[in-house]
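I'll drop the sequence and a predicted model, then ask my questions.
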Amino acid sequence: MKEQVRQWICEYIENYGQRPDIVTKWGEPLVGFADASHPYILNLKTIIDTTHELPTDVLEDASVVIVYYVPFTRELAETNETGTQYASAEWARAYEETNAMFKNLNAFLIKQLEMRGWHAGISPKSATFDQKRLKSDWSYRHFAYAAGLGSFGLNNMLLTKSGCCGRFNTLVTNLEVEPDQPMTDEYCLYKKNGSCAVCVKHCPTGALTTEGYDRHKCYELLMKNARIHTEYGSSYVDESGKKANSVGSDVCGKCVTQSPCAFWELK
Ligand code: B12
Ligand code: SF4
Ligand code: SF4
């Protein structure tokens with residue numbers, strides 16, 4: 001059944017990418033299954049916040065969280081150049097098109113699972129984040145880590161074996177499968193041996209340093225970009241769940257797109 005779920009995801013994304021109204025290209029997705037009762041997950045309220053949801057808040061008999069990572073392409077990453085504060089229009093569009101695709105893909109997966117007698121659901125908290133704390137009560141990266149999809153980089157991204165220039169999503173289900181385990185290796189070169197830190201050099205605002213990350217400084221630039229890139233909509237909603245949280249695409253990604261860990265290809 002794990003292979004079946006992976007196939008559904010891969011095929012759906014491939015077909016979706018053929019739609020005439022879709023410009024963004026995606027690479028081969030990675031899929032992991034996080035154990036809903038793994039101690040790491042049960043501890044998320046302590047690690048992140050007491051308000052963070054658990055899989056059982058979404059589905060009473062949750063067994064696993066299906067986590068998938070959808071990589072972008074090198075061509076897209078190259079459009080989002082360093083040395084400027086502004087995100088490329090292509091990067092903004094890819095952000096919006098991918099977030100829209102996720103909604104459709106999750107609906108498709110829920111339908112497939114339910115047709116076979118399983119239950120599945122998504123956390124409504126995943127589509128929003130607290131505008132003051134700049135934190136979500138459903139962190140994809142933590143579920144991705146628990147599903148063994150990667151390790152945290154200095155740039156704050158969850159680095160996977162295919163890189164970090166892509167986006168995550170999740171689905172909670174009561175499907176009976178053998179869950180994957182968090183990985184013990186470290187992918188980030190800085191965390192491994194103190195080298196690299198390219199992501200820090202590329203950050204135009206100083207939000208990202210080797211000492212830490214200032215999410216508010218980062219968000220200021222994202223909102224600046226949102227005011228420029230209004231043409232593709234705004235996929236994140238505020239906490240009411242009804243209103244877009246910005247006027248456009250709140251993006252930057254300079255700590256991702258030209259980094260060696262974007263696709264694990266050193267330049
Ligand atoms: C709120 C939010 C933001 C905020 C705050 C950013 C932040 N770093 O949290 C703002 C709006 C500023 C933002 C910016 C960006 N975001 Co954002 N954002 C989110 C959102 C909605 C929630 C994240 C959250 O709650 N973070 C707060 C807590 C939970 O995490 P944290 O503060 O980062 O700290 C934890 C980790 O660093 C971790 N950690 C660090 N080291 C280690 C080591 C170990 C061993 C462990 C276990 C944990 C660990 O533990 C910390 C404490 O919990 C998620 C989507 C989602 N629902 O998950 C996307 C998400 C994190 N964003 C994403 C992206 C790509 C971006 C941007 C590049 C914007 C863009 N698209 O152009 C920038 C990158 C900024 C950066 N360098 O972090 C992607 C990341 C993809 C990836 N490969 O990991 C996500 C997952 C969206 C998605 N669908 O894929 N984002
Ligand atoms: S650019 Fe280098 S230091 Fe930064 S997250 Fe990637 S591997 Fe780690
Ligand atoms: S998204 Fe931009 S501002 Fe935020 S940490 Fe990355 S490079 Fe810096």
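Now that the structure is in, tell me what you want to look at. Ligands and ions are numbered 1, 2, ... in the order given.

how about the residues of this protein that lie near ligand 3?
Within the chain, the positions near ligand 3 by CB under 6 Å from any ligand atom are 203, 205, 207-208, 218, 221, 252-255. C-beta: built from backbone N, CA, C; applies to glycine.

Quick one: buried ones out of the residues you listed?
For the residues of the chain next to ligand 3, a burial check counting by 16 or more other CB atoms under 10 Å picks out 203, 205, 207-208, 218, 221, 252-255.

Just put those in JSON lines and tack on secondary structure, pLDDT and distance to Ile66.
Converted to JSON lines, those look like this (DSSP: H, G, I helix; E, B strand; the rest coil; pLDDT from 0 to 100; distance: CB to CB, whole Å):
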{"residue": "Cys203", "secondary structure": "coil", "pLDDT": "97", "distance to Ile66": "32"}
{"residue": "Thr205", "secondary structure": "coil", "pLDDT": "96", "distance to Ile66": "34"}
{"residue": "Ala207", "secondary structure": "coil", "pLDDT": "98", "distance to Ile66": "31"}
{"residue": "Leu208", "secondary structure": "strand", "pLDDT": "98", "distance to Ile66": "30"}
{"residue": "Cys218", "secondary structure": "helix", "pLDDT": "97", "distance to Ile66": "29"}
{"residue": "Leu221", "secondary structure": "helix", "pLDDT": "97", "distance to Ile66": "32"}
{"residue": "Cys252", "secondary structure": "coil", "pLDDT": "97", "distance to Ile66": "28"}
{"residue": "Gly253", "secondary structure": "coil", "pLDDT": "98", "distance to Ile66": "25"}
{"residue": "Lys254", "secondary structure": "helix", "pLDDT": "98", "distance to Ile66": "30"}
{"residue": "Cys255", "secondary structure": "helix", "pLDDT": "98", "distance to Ile66": "27"}
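
Switch those over to TSV; also include distance to Gln85.
Below are these laid out as TSV (distance: CB to CB, whole Å):
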residue	distance to Gln85
Cys203	10
Thr205	7
Ala207	11
Leu208	14
Cys218	12
Leu221	6
Cys252	8
Gly253	12
Lys254	8
Cys255	13
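
Can I get these in a markdown table including distance to ligand 2?
Below are those laid out as a markdown table (distance: CB to the nearest ligand atom, whole Å):
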| residue | distance to ligand 2 |
| --- | --- |
| Cys203 | 10 |
| Thr205 | 16 |
| Ala207 | 13 |
| Leu208 | 8 |
| Cys218 | 15 |
| Leu221 | 18 |
| Cys252 | 15 |
| Gly253 | 12 |
| Lys254 | 11 |
| Cys255 | 7 |
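
Between those residues, which sits nearest Thr79?
Gly253 (10.6 Å; CB to CB).

how about the closest one, what does it touch?
80, 87, 91, 165 (CB atoms under 8 Å, 6 or more residues apart in numbering).

burial measure for the first one, as a count.
Same thing as Asn80. Neighbourhood size, Asn80 [other CB atoms under 10 Å]: 25.

okay but it is in contact with Thr257, surely?
Yes. If you go by CB atoms under 8 Å, Asn80 and Thr257 touch, sitting 4.1 Å apart.

where in the stretch 151-267 of the chain is pLDDT low?
236-244, 265-267 (pLDDT under 70).

sorry, that was for the stretch 1-150 of the chain
Within the stretch 1-150 of the chain, no stretch has pLDDT under 70.

Show me the helices in it, by range?
2-17, 39-42, 44-47, 55-58, 74-79, 89-115, 140-146 (DSSP state H, counting those that start in this stretch).
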